[in-house]
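Participant: Okay, predicted coordinates and the sequence, questions at the end:
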Amino acid sequence: MKTDHSLPQDRPIGPSLIIEVGVRIMIPFIQLFGLYVIAHGHYSPGGGFQGGVVLGASFILMAIAFDLKTSLRFFSLRANAVMASSGVFIYTGTGVLCALVGGMFLDYSALDAILTLGPVEWRSMGVFIVELGVGLAVTAIMASLFWDLSSGGDMDKGL
Amino acid sequence: MIWQIDLLLLTLVVICGVTTIFLKDLLAATLVFSVYSFLMCLLWAEMGAVDVAFTEATVGAGVSTMLFIATILRTTRRSKD
């Protein structure tokens, strides 16, 4: 099997109308599905990680179908860094907050001391908050993994 | 659990795994590995672990294949020195 192993910089790749229009239609639905998976993660299959991967994959798809610059225009590096670190902060912050108000680390029922909803309700809410943090972090990291790998780290020219 | 489907999926998983090891071309090996991941996803779903199947479909068959391809496209066949 003969394959083209020249560097991506000197391979002639033109824009394809079919792929661009198809991706433009697909991306909103992919992102909506990712948000749905994150929001329904605590009582149906899926969750923060899977939804985050689906959301990150939509930006990867954008970077493949158009180019790296288009992907970076919709999801800037600054927003990426803020999302990744705030996701980790939400996750650990929830856990530490539970420990501070008198429970164990990530023991959501202890959050009842802040706002009285009942321990059962707080367990459901706590899982949702943690899933949200995981989703934010995974979205940002998945997109930036692909950007870094495809551009060699300089975010200049993708595949 | 339908054992005929189980047997078919397990056979295909083994075939894809062995093919991935013995293929010389990296891009082809990556694509066969993606097929392997998708068959594993079907196997998880068939065994009732829908959550794991979802993870396998998104990460295994989707994103990790793209990461492999992105890495392979930045390599050349022969070394320069």
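Facilitator: Looks like it came in fine.
Participant: What about residue A:116, how many residues nearby?
Facilitator: By other CB atoms under 10 Å in any protein chain shown, the residues close to residue A:116 number 9. The way it works is simple: take the backbone N, C-alpha and C, and place the C-beta from them, glycine included.
Participant: does it sit in a helix, a strand or a coil?
Facilitator: Look at residue A:116: counting by DSSP: H, G, I helix; E, B strand; the rest coil, its state is coil.
Participant: That one and residue A:109, how far apart?
Facilitator: Using CB to CB, to the nearest Å, we find residue A:116 at a distance of 12 Å from residue A:109.
Participant: ok, now residue A:46?
Facilitator: Distance of residue A:46 to residue A:109, computed by CB to CB: 24 Å.
Participant: Show me the shaky parts of chain A.
Facilitator: A:1-14, A:158-159 (pLDDT under 70).
Participant: what are the ranges of the strands in chain A?
Facilitator: Secondary structure of chain A (DSSP state E): no strands present.
Participant: Closest to the mean position in it, which residue would that be?
Facilitator: Geometric centre of chain A, nearest residue: residue A:139, 1.1 Å, by CA atoms, centre = their mean.
Participant: In the longest helix along chain B, which residues are buried?
Facilitator: Counting residues, the longest helix found in chain B (DSSP state H) is helix B:26-47. By neighbour count on 16 or more other CB atoms under 10 Å in any protein chain shown, the buried set for helix B:26-47 is B:26-27, B:29-45.
Participant: okay, stretch A:152-159 in PDB with CA atoms only?
Facilitator: What follows is stretch A:152-159, C-alpha atoms only, in PDB (Å, rounded to 0.1, in the frame of the first residue of the first chain):
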ATOM      1  CA  GLY A 152       3.700  20.900  17.400                       C
ATOM      2  CA  GLY A 153       3.000  23.200  20.300                       C
ATOM      3  CA  ASP A 154       3.300  26.600  18.600                       C
ATOM      4  CA  MET A 155      -0.500  26.900  17.800                       C
ATOM      5  CA  ASP A 156       0.600  28.400  14.400                       C
ATOM      6  CA  LYS A 157      -0.400  25.900  11.700                       C
ATOM      7  CA  GLY A 158      -2.400  22.800  12.200                       C
ATOM      8  CA  LEU A 159      -2.700  19.700  10.100                       C
END
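Participant: Packing partners of the longest helix of chain B?
Facilitator: Contact partners of helix B:26-47 among helices and strands, from 3 or more CB pairs under 8 Å, 6 or more residues apart in numbering or on different chains; DSSP states H and E: helix B:3-22, helix B:50-55, helix B:64-73.
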